[in-house]
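Colleague: Fold the following, please.
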Amino acid sequence: MSLRLRSFAFSLLAGFALASPALAHDGEGLAGGLASGFLHPLSGGDHLIAMVAVGLWGAQLGAPAIWLLPIAFPLIMAVGGVLGVMHIPLPAPEMMIALSAILLGAAVATRLRPPTVIAALVVSLFAIFHGHAHGAELPGATDPMAYGVGFVTATGFLHGCGIVIGAVSQWPLGARLIQGLGAMIALLGGYFLTLGSGGAG
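Modeller: Numbers count the residues shown, from 1 in each chain. Below you'll find the predicted structure:
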């Protein structure tokens with residue numbers, strides 16, 4: 001990946017994050033259906049960076065985590081989506097979503113290598129809160145089933161992007177760049193956490 005392309009990817013990621021913090025949660029402009037469901041995770045900066053971080057972490061950990069984490073997350077996220085649809089409350093969901101970006105970014109930045117089952121449990125825990133946020137918007141969708149398929153598909157797409165980007169970590173310079181990207185994700189997560197707690201703006 002060229003330096004220019006990496007810079008573009010980083011700028012795009014930061015732009016999404018800074019321009020639309022937590023936008024995925026309020027449903028503004030979402031009419032429902034497959035397209036709206038697909039756009040839901042993409043339009044929320046905190047969701048987006050956490051999903052990419054899952055892919056990056058999986059790429060760092062290698063097999064079997066590289067395929068287990070991106071499978072576990074959407075599956076458990078669907079459970080969280082059901083909780084959101086049923087309006088079953090979870091403690092501080094927005095804060096937990098921001099915290100997921102912080103911790104997953106930090107895991108990438110530090111090249112944390114827990115046992116695969118622990119990594120899967122960590123991403124599964126956060127997946128419940130991400131799914132809950134998406135599910136809470138689902139009842140108002142014009143086609144709830146298509147909406148659900150859309151946000152699960154987008155989540156898988158973002159995991160895949162993280163894995164592709166994380167592939168450069170097999171080279172020493174690439175590994176450093178991925179660690180830097182993880183640090184940036186953690187910092188952005190901190191920004192969203194501060195924003196969500198009313199400490200910014």
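Colleague: how about low-confidence regions in this protein?
Modeller: Along the chain, segments meeting pLDDT under 70 span 1-32, 139-142, 199-201.
Colleague: in it, what residue sits furthest out from the centroid?
Modeller: Centroid-distance maximum for the chain: residue 172 at 25.4 Å, with C-alpha atoms, centre = their mean.
Colleague: Would you quantify the distance from that one to residue 70?
Modeller: Using C-beta to C-beta, to the nearest Å, one gets 25 Å for the distance from residue 172 to residue 70. In this view, the C-beta of every residue, glycine as well, is placed from N, C-alpha and C.
Colleague: Repeat that for residue 134.
Modeller: Distance, residue 134 to residue 70, by C-beta to C-beta: 17 Å.
Colleague: what about the two, which has more around it?
Modeller: The neighbour comparison of residue 134 against residue 70 (other C-beta atoms under 10 Å) goes to residue 134, with 28 against 23.
Colleague: What is the neighbour count of residue 152?
Modeller: 21.
Colleague: whoops, residue 66 was the one
Modeller: Neighbour tally, residue 66, other C-beta under 10 Å: 19.
Colleague: That one and residue 59 touch, don't they?
Modeller: Yes: look at residue 66 against residue 59 with C-beta atoms under 8 Å: they come within range, at 5.8 Å.
Colleague: Identify the contacts common to these two.
Modeller: residue 163 (C-beta atoms under 8 Å, 6 or more residues apart in numbering).
Colleague: Can you tell me the closest non-neighbouring residue to residue 128?
Modeller: Leaving aside its sequence neighbours, residue 128 sits nearest to residue 80 (C-beta to C-beta, 6 or more residues apart in numbering; 3.9 Å).
Colleague: How about the contacts made by that neighbour?
Modeller: Contacts for residue 80 (C-beta under 8 Å, 6+ apart) come out as 90, 127-132, 134-135.
Colleague: Output those residues as a markdown table; include the columns secondary structure.
Modeller: Compiled in a markdown table, the contacts of residue 80 are given as follows (DSSP: H, G, I helix; E, B strand; the rest coil):
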| residue | secondary structure |
| --- | --- |
| 90 | coil |
| 127 | helix |
| 128 | helix |
| 129 | helix |
| 130 | helix |
| 131 | helix |
| 132 | helix |
| 134 | helix |
| 135 | helix |
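Colleague: can you list those residues in TSV and add distance to residue 190?
Modeller: Output for the contacts of residue 80, formatted as TSV (distance: C-beta to C-beta, whole Å):
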residue	distance to residue 190
90	21
127	21
128	21
129	17
130	18
131	23
132	21
134	23
135	26
